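got a sequence here, can you model it:
(one chain, ligands or ions: 1)
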Amino acid sequence: MGAIVDRLLTPLLYAVLYPVRKVKVGVFTRIKDSHIEKNVKIGSFSFISGSTIRKGAGIGNFNKIVDSVIGKYSYTNERTTIINTKIGNYCSISWNVTIGAPEHPLDRFTTHPITYSEKYQNSVGLLHKGFDQHPRGTTEIGHDVWIGANVIIRSGTRIGTGAVIGAGSVVTKDVPPYAIVAGVPAKIIRFRFPEDVRKALLRSRWWEKDPTELKEIDLLNELLG
Ligand SMILES: CC(C)(COP(=O)(O)OP(=O)(O)OC[C@H]1O[C@@H](n2cnc3c(N)ncnc32)[C@H](O)[C@@H]1OP(=O)(O)O)[C@@H](O)C(=O)NCCC(=O)NCCS
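All right, here's what the predicted structure looks like:
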């Protein structure tokens, strides 16, 4: 009931805040314990909890963003789920993408949450045994990463700046900066640029600037020849 009221009131609350913070929130979206910076757009029917959405970022419709950071000017498309993940700036994340999905225990008599979720402790009466749903730690996505449609990125994986993840890939291992990976499991197809250009781009840290400040963009194009 509270969640429904939240979903009805949140867009209204942000409509009032909109002129001040320039934050736009679609209908039936719920935002809980989160920090939303200015010029952020959030679609309809989405759920955001325990997260920071940084300046200029965009969240699509039917998204679930939990315990995560979405960097400046990064955006997601429809039906994307991001959990316990840090995402850098200027990332393009497509539709139906799942990043950082939690694990279930493999070595207990059941993988079902009855052995570790507090939700079941009273009803089933099982002893609460802690279980780390992210045993490989926080998932980390660098800057300027393009993630294609229907991708799954395993919890705890690190994706380097400038990487591209091909449509439909399942990423189970870390991806180096500027690599293009694809397939199930994802493998490196090639790198976007030769090593000297990759190093120069990483050194430039262009993603720390706002689009209006990116006057060096010509310089970067020169770098790419
Ligand atoms: C990965 C991608 C960017 C293409 O990269 P590319 O370097 O131009 O790749 P190529 O077309 O030269 O293909 C190279 C090889 O990778 C394979 N490949 C390309 N994309 C693939 C994918 N998504 N999954 C599996 N294999 C793929 C090709 O079949 C080819 O294999 P081969 O060498 O055996 O013939 C593109 O295929 C892709 O997946 N784009 C994402 C599109 C999308 O999801 N858009 C959503 C809007 S945000």
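
make it CA atoms for all contacts and neighbour counts henceforth
OK.

and this structure, which of its residues are near the ligand?
In this structure, the chain approaches the ligand at residues Ser94, Gly148, Ala149, Gly166, Ala167, Gly168, Ser169, Ala182, Gly183, Ile189, judged by C-alpha under 6 Å from any ligand atom.

tell me the contacts of the nearest residue to the fifth one once chain neighbours are set aside?
Okay, so that is Ala167. Take Ala167 and drop its neighbours on the chain: the residue closest to it by C-alpha to C-alpha, 6 or more residues apart in numbering is Gly148, 4.3 Å away. Gly148 makes contact with Ile93, Ser94, Trp95, Val97, Val164, Ile165, Gly166, Ala167, Gly168, according to C-alpha atoms under 8 Å, 6 or more residues apart in numbering.

quick one: Trp146 and Gly160 touch, right?
No - using C-alpha atoms under 8 Å, Trp146 is not in contact with Gly160; the gap is 10.8 Å.

pull the CA atoms of stretch 197-211 into CSV?
Below are the C-alpha coordinates for stretch 197-211, written out as CSV (Å, rounded to 0.1, in the frame of the first residue of the first chain):
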residue,chain,number,x,y,z
VAL,A,197,45.5,5.8,-28.7
ARG,A,198,43.9,3.8,-25.9
LYS,A,199,46.6,5.1,-23.4
ALA,A,200,46.2,8.7,-24.6
LEU,A,201,42.4,8.5,-24.2
LEU,A,202,42.7,7.1,-20.7
ARG,A,203,45.3,9.8,-19.8
SER,A,204,43.0,12.6,-21.1
ARG,A,205,40.2,11.8,-18.6
TRP,A,206,37.8,13.6,-20.9
TRP,A,207,34.8,12.1,-19.2
GLU,A,208,35.3,14.3,-16.1
LYS,A,209,34.2,17.3,-18.1
ASP,A,210,30.7,18.4,-18.9
PRO,A,211,29.6,18.3,-22.6
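
quick check: the residue sitting nearest the centre point of the chain vs the ligand, distance?
Compute the mean C-alpha point of the chain, and by C-alpha atoms, centre = their mean the closest residue is Ile82, 4.6 Å away. Distance from Ile82 to the ligand, counting by C-alpha to the nearest ligand atom, to the nearest Å: 16 Å.

please apply the same query to Lys86.
19 Å.

I'd guessed that residue sits against His143; true?
No - under the criterion of C-alpha under 8 Å, Lys86 makes no contact with His143, lying 10.3 Å away.
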